[in-house]
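> Have a look at this prediction, sequence included:
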Amino acid sequence: MREYFTVSELNDYIGSLLENDLTLADCWIKGEISGCKVYQQSGHMYFSLKDRDGVISSVMFKSRVQRLRFIPKDGVEVLARGNVSVFSKQGKYQFYAQEMQLYGVGDLYWQMEQLKEKLQAQGYFAAEHKKPLPKIVKRLGIVSSQDGAALRDILKVIRNRAGNLDIIIAHTAVQGAGAPEEIAAAISRLNTLGDIDVIIVARGGGSLEDLMAFNSEKVVKAVYDSQVPIISGVGHEVDTTLIDYAADIRAATPTQAAQMAVPDNALLLERVLKYQQRLIQIMQRELLDRSELLDRIMMQKVWQQPESLLKSKKLQVSYLQNQLHRNIKHCYKDKAAHFALIMKGLDSVSPLKVMERGYAIIQQEDKILRDAENLQIGELVTIDMRRHRLLAQILKKEQSAYGDQI
Amino acid sequence: MEIKFETALLKLEKIVQALESEELELEESIKLFEEGIKLSLYCRQELERADGKIQQLLENIQGELELAEVEINE
């Protein structure tokens, strides 16, 4: 029988008691973090968990700290899982935390905040990546639950605004396990289908847990990768999910998303009618201008008193006529004198004059004969003399007494 | 001629601007006017259309995309 323990022995003994207790070997405790310190050298985290009435020293080793999905801070309520043991050197029992998560909604909120920071740093929310919405939408894609109120809200708005719009619904789960994958796949399918002008991703209001699919990295990346502009309309006005940061346009609600996606046909129609009216006005004015111009031209004197123009033209014509007469007369006189002169010259060489001198013209078959070389005995010729024409027959042909002198 | 609504609206806008701001020959004005009236009638017709379809995008077993008619209780 031993009479005493050394200090270490007692601590060890207590330690073994605690360690053999099944409850203490693996338990969850809820508490608020306080006095949180991470030692740089070791990377271990020392802190206390406390509630209103109590406190317990806690430690988390480096390997476990690295797996935390949030940044532990004082004042944060957590659920921690671990075991209780004795730290002999200080003679106190401690909680050795293996894993830890934020308690309740705080947990989801923190997860979302962390993911937001990460994605933001990676550029998924960059303003310069955002695409403008097309002015006119002919084919709209909707990613939502086919049975949800969000879809009905959207359809109601669209039918009121644009009856000519084609709508393609890509039905997805909008909450629960698998929802992020389904939403991402629906977005990419609409992109693959092509010829879609804008996509609305929508879900009605709900708790943060309900909306968590829209806080997922998968959905954010699918939105970022979409070639088609995306409008997010998730939850109520107060809800903000990560898809809102990634979307090209963020709408507060599904209804607003529909309003943003689809211009009101009534407004467009108003615009078209206004243009039409302007066209007609311009044309009327144009024609009026022209007819005024025409009126002004018609007002000019010449159209009012055409005879005044005629009068001067008449004068001009008669002057020219006179001129012409005079010129012709003058010209005729000249020509007549010239003609008389020529006639006189002609007279002197006229054959008639020559015949008067005793010459005759001999013709055979209406051709004047200049010599008798080809003329045969017995052929007929006509002889024109001053007063008579004779028909003669050749009786004899011999060389002329004049020889070849002529 | 298949012309997109957006293109038609833009063209109409340009024609109105051209007629309002430029000095044009009467023949040219009338040509633009006629075209503008045609475009505006086309735009009106498009806007007053109410034959938009609602379809559902599905993926069949082969992984191909299909569009199916769908009834939504509004």
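That came in fine, so what should we check first?
> Give the residue spans of the chain that score low on pLDDT.
I'll assume chain A. Residues of chain A meeting the criterion pLDDT under 70: A:1-2, A:104-107, A:110, A:301-302, A:348-349, A:402-406.
> Chain B is the one I meant
Within chain B, the segments meeting pLDDT under 70 span B:1-3, B:73-74.
> for it, longest helix please?
helix B:26-48 (DSSP state H).
> repeat for chain A
helix A:306-349.
> List the contacts of the helix or strand just after that helix.
Next helix or strand after helix A:306-349 toward the C-terminus (DSSP states H and E): helix A:351-356. Contact with helix A:351-356 is made by A:347, A:361, A:384-386, as judged by CB atoms under 8 Å, 6 or more residues apart in numbering or on different chains. In this view, the C-beta of every residue, glycine as well, is placed from N, C-alpha and C.
> Would it be right to say that A:Gln363 lies in a strand?
Yes: the assignment for A:Gln363 (DSSP: H, G, I helix; E, B strand; the rest coil) places it in a strand.
> Could you look up the SS state of the residue nearest to it when sequence neighbours are not counted?
Excluding its sequence neighbours, the residue lying closest to A:Gln363 (CB to CB, 6 or more residues apart in numbering or on different chains) is A:Thr382, at 5.0 Å. Here A:Thr382 is recorded as strand under three-state DSSP.
> my read: A:Thr382 touches A:Ile362, true?
Yes: counting by CB atoms under 8 Å, A:Thr382 touches A:Ile362, with 7.3 Å between them.
> Burial check on the nearest residue to A:Phe61 once chain neighbours are set aside, number of neighbours?
Leaving aside its chain neighbours, A:Phe61 sits nearest to A:His44 (5.3 Å; criterion: CB to CB, 6+ apart). For A:His44, the count of nearby residues is 15 (other CB atoms under 10 Å in any protein chain shown).
> And A:Glu32, by the same measure?
Neighbour count for A:Glu32, taken as other CB under 10 Å: 16.
> who in chain B is up against chain A?
B:4-6, B:9, B:12-13, B:15-16, B:19-20, B:26, B:29-30, B:33, B:36-37, B:40, B:43-44, B:46-57, B:59, B:65, B:67, B:70, B:72-74 (CB under 8 Å from any CB of the partner chain).
> Stretch A:149-157 near chain B anywhere?
Yes: using CB under 8 Å from any CB, stretch A:149-157 reaches chain B at A:151-152, A:155-156.
> And that stretch, what's buried?
For stretch A:149-157, burial by neighbour count (16 or more other CB atoms under 10 Å in any protein chain shown) applies to A:150-155, A:157.
> who touches the helix or strand where A:Val157 lies?
Using DSSP H and E, the element containing A:Val157 is helix A:149-161. For helix A:149-161, contacts defined as CB under 8 Å, 6+ apart pick out A:140, A:142, A:144-145, A:165, A:167, A:169, A:174, A:200, A:202-204, A:233, A:253-255, A:257-259, A:261-266, B:52, B:54, B:72-74.
> ditto for stretch A:50-63
A:29-32, A:34, A:42-49, A:80, A:82, A:87, A:92-98, A:100.
> closest point of chain B to chain A, which residue?
Closest contact between chain B and chain A, by CB to the nearest CB, is at B:Ala50 (3.2 Å).
> tell me the SS of that residue?
Per three-state DSSP, B:Ala50 ends up coil.
> Excluding chain neighbours, what is closest to the residue of the stretch 301-406 of chain A found nearest chain B?
Relative to chain B, the nearest point of the stretch 301-406 of chain A is A:Trp303 (20.9 Å; CB to the nearest CB). Among residues not flanking A:Trp303 along the chain, A:Ile297 sits closest, at 7.6 Å (CB to CB, 6+ apart).
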